[in-house]
Each structure stands twice: as C-alpha cells, then as structure tokens.
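J.: Sharing a model prediction with you, sequence too.
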Amino acid sequence: MPSFFLVPGTPFYLLALAGTLLAALGVALQPRQALLSAGGEAAHVPGSRFVIGQIAGGVTALLCVLTALISAASGTTLAFVLALALASYLGLGIVLPRRPIVQREREAAALRRLTPGFIAFVRVALGSFEAPIAIMRRYVERPHPAWAPMQALVAEALQLSLDQRMRPFAALAAAARPRGCRELNDVTEALAQAEAEGGPIEQVLAAQQQTLELILQGEFRRMLRRRTLYLLLLVAISLVVGILINLLFVMTGGGKVFIGLG
C-alpha cells in the first residue's frame, strides 16, 4: 500500500480527484438564487442535474482507475481503489442528483399525511368565527415536531401575506404550489377561491376532507398489500432455505462427510 503513494504521478491524480470532488460539492450546495443569477437555471432541471452528476461521477471514477493503472496497483490496493471509484460514481452520479427529488417526495408525503389534521383544525377554528389570519397564526404559535412540515408551510404563507399584501389563504396556496403535494394544492386552491369569492369555506373544507380521506384510505390499503406480499415472500424464502438445509443435512449423513474432510 505505501508504494501506491510513492508513484510519481499519484499526487497529481489525487489532487485532480480532490478538485473534482470539491467542484461537484460546490454545485450540489450552491443556493438556487445564486445559480439563477449566474444563468444556471438548467442546473436545477432534473435531467441537467443528472447529467452533471454523471459527468462528475464518471470523471472521478476514471481518475481513480487511471491512478490504479499507472501505479500498477494490485491486491488489496487495487480492490480499495476500485471500491473508491465505484463509491465515487454512485455518490456523485446517482445519490447527489437524486437528493433534492427524494427530499421533495418525502416533504410531499409528510404534507399529505398532515393535510387532514390541518383541515380539521381550520374547520374547528372557523366554527369559532376566527379570521383566517388568526387561524394560521394560532396553528404555528406552538411548534410541534410531528407538524413541522405543515407549520413551516403556514409560517411561510404568513410571511408571504405580510410582504406582498395577499389574502391569507391565497398566500397559503402560493406557498403550497412549489411543494408538489397535489392533495394539499387542491385544498389550498379551494380555500383561496372560496376566500376570494366570499363562498362558504366550511362546505369546501368538508368536501375536500372527504375526498382526501378516501385517497389516504386507498394508499393505506396498497401499503398493507405490499407489506403482506413482502411477508409472504420472506416466508417462502425461509421455507426454501430450510428445506435445502434439511436436504443437505440428510445427504451428508448428518454432517459426517464434512467431519471426515476435516
């Protein structure tokens, strides 16, 4: 292993590898506003982000492989460098480009689960004849870890309403659109429309809550079916493995064959 670092070209390849990793990390951590001001709007398109990750991962893996070939690495050193190349490609080419998508999907799923509770909260508060702005302020005044995604959304809507002089439910709809949760968007758009037209918000919430409960019930049934299928598959695999072990035990005479070999 020490001879790997004594090859004349190794420090330069390692320096190039470090530069590639730093450049990829800088692209991954660059704020959206800075990229847009620099003309990098395409970097946030999923396809462009994936291409950039593939290029960075491919270059990094190629540098690792070239370093191993030039230094004539073998044995444990070669295995280590190849594992580093594979990890670099997977991390830069797949994990980092998909991280914003995965985070957005998780946030959308959390908001979908919290939407029925938020609807119930608004319906109860409307029954006490509270103003929409007071309802939203009361929803965020006591932070709760389980409600954090929805409370962050409502807090953003309150700030948007204050900055741009928007109606509370209209600001809530504007803040919910980038989240990508279709069910929440339907609820907030209906609330904003009822607020603008002066319609009965209670009836809108009741209809939206009923529809959302049906959707969540369907998702829960699908999740139960998937888990049942996984459990049956696990039981089948365990049964097959157990039968094979029993057959092997019988065919070897209770393990006597292996004792003789020892």
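T.: Yes, it's here. What you are looking at is a predicted structure, and each value in this text was computed from that prediction instead of being measured.
J.: Okay, helices next: where are they in the chain?
T.: Assigned by DSSP state H, the chain shows helices spanning 2-6, 10-29, 32-37, 46-70, 76-90, 96-127, 132-140, 148-164, 168-176, 182-197, 201-251, 256-261.
J.: can I get those helices in a markdown table with mean neighbour count and mean pLDDT?
T.: In this view, the C-beta of every residue, glycine as well, is placed from N, C-alpha and C. Formatted as a markdown table, these follow (neighbours: other Cβ atoms under 10 Å; pLDDT from 0 to 100):
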| stretch | mean neighbour count | mean pLDDT |
| --- | --- | --- |
| helix 2-6 | 11 | 53 |
| helix 10-29 | 14 | 62 |
| helix 32-37 | 11 | 42 |
| helix 46-70 | 18 | 75 |
| helix 76-90 | 16 | 79 |
| helix 96-127 | 16 | 83 |
| helix 132-140 | 18 | 87 |
| helix 148-164 | 17 | 88 |
| helix 168-176 | 23 | 88 |
| helix 182-197 | 18 | 83 |
| helix 201-251 | 12 | 81 |
| helix 256-261 | 9 | 54 |
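J.: Distance check, the residue nearest to residue 123 when sequence neighbours are not counted against residue 105.
T.: The spatial neighbour of residue 123 that comes closest, neighbours along the chain excluded (Cβ to Cβ, 6 or more residues apart in numbering), is residue 205 at 5.1 Å. When distance is defined by Cβ to Cβ, to the nearest Å, residue 205 is 26 Å away from residue 105.
J.: tally of neighbours for residue 199?
T.: 12 (other Cβ atoms under 10 Å).
J.: going forward can the numbers begin at 27, since that is how I track them
T.: Got it, the first residue is 27 from now on, which makes the last one we talked about residue 225.
J.: Tell me the pLDDT of residue 71.
T.: At residue 71, the model reports a pLDDT of 47.
J.: How many residues are close by the nearest residue to residue 130 once chain neighbours are set aside?
T.: Leaving aside its sequence neighbours, residue 130 sits nearest to residue 206 (Cβ to Cβ, 6+ apart; 5.5 Å). By other Cβ under 10 Å, 14 other residues sit near residue 206.
J.: list the contacts for residue 206?
T.: Neighbour list for residue 206: 130-131, 133-134 [criterion: Cβ atoms under 8 Å, 6 or more residues apart in numbering].
J.: I'd like the residues you listed laid out as a markdown table, including distance to residue 105.
T.: Converted to a markdown table, those look like this (distance: Cβ to Cβ, whole Å):
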| residue | distance to residue 105 |
| --- | --- |
| 130 | 37 |
| 131 | 35 |
| 133 | 39 |
| 134 | 41 |
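J.: out of these, what pair is the most spread apart?
T.: Using Cβ to Cβ, those reach their maximum pairwise distance at 131 and 133, which is 7.4 Å.
J.: what sits against residue 213?
T.: Counting by Cβ under 8 Å, 6+ apart, residue 213 makes contact with 141, 144-145, 231, 234, 238.
J.: mind putting those residues in a markdown table, distance to residue 268 included?
T.: Shown next, in a markdown table, are the contacts of residue 213 (distance: Cβ to Cβ, whole Å):
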| residue | distance to residue 268 |
| --- | --- |
| 141 | 45 |
| 144 | 49 |
| 145 | 50 |
| 231 | 54 |
| 234 | 51 |
| 238 | 45 |
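J.: Is the residue nearest to residue 149 in contact with residue 142, as I believe?
T.: No. Between residue 231 and residue 142 there is no contact under Cβ atoms under 8 Å: 10.5 Å.
J.: Overlap of the contact sets of the two?
T.: Listed as contacting both residue 231 and residue 142 by Cβ under 8 Å, 6+ apart is no residue at all.
J.: Distance-wise, check residue 85 relative to residue 111.
T.: Residue 85 is 11 Å from residue 111, by Cβ to Cβ.
J.: cool, and residue 247?
T.: Using Cβ to Cβ, residue 247 is found at 44 Å from residue 111.
J.: Could you do residue 206 as well?
T.: Separation of residue 206 from residue 111 (Cβ to Cβ) stands at 34 Å.
J.: residues in contact with residue 200?
T.: Residue 200 touches 183, 186, 192, counting by Cβ under 8 Å, 6+ apart.
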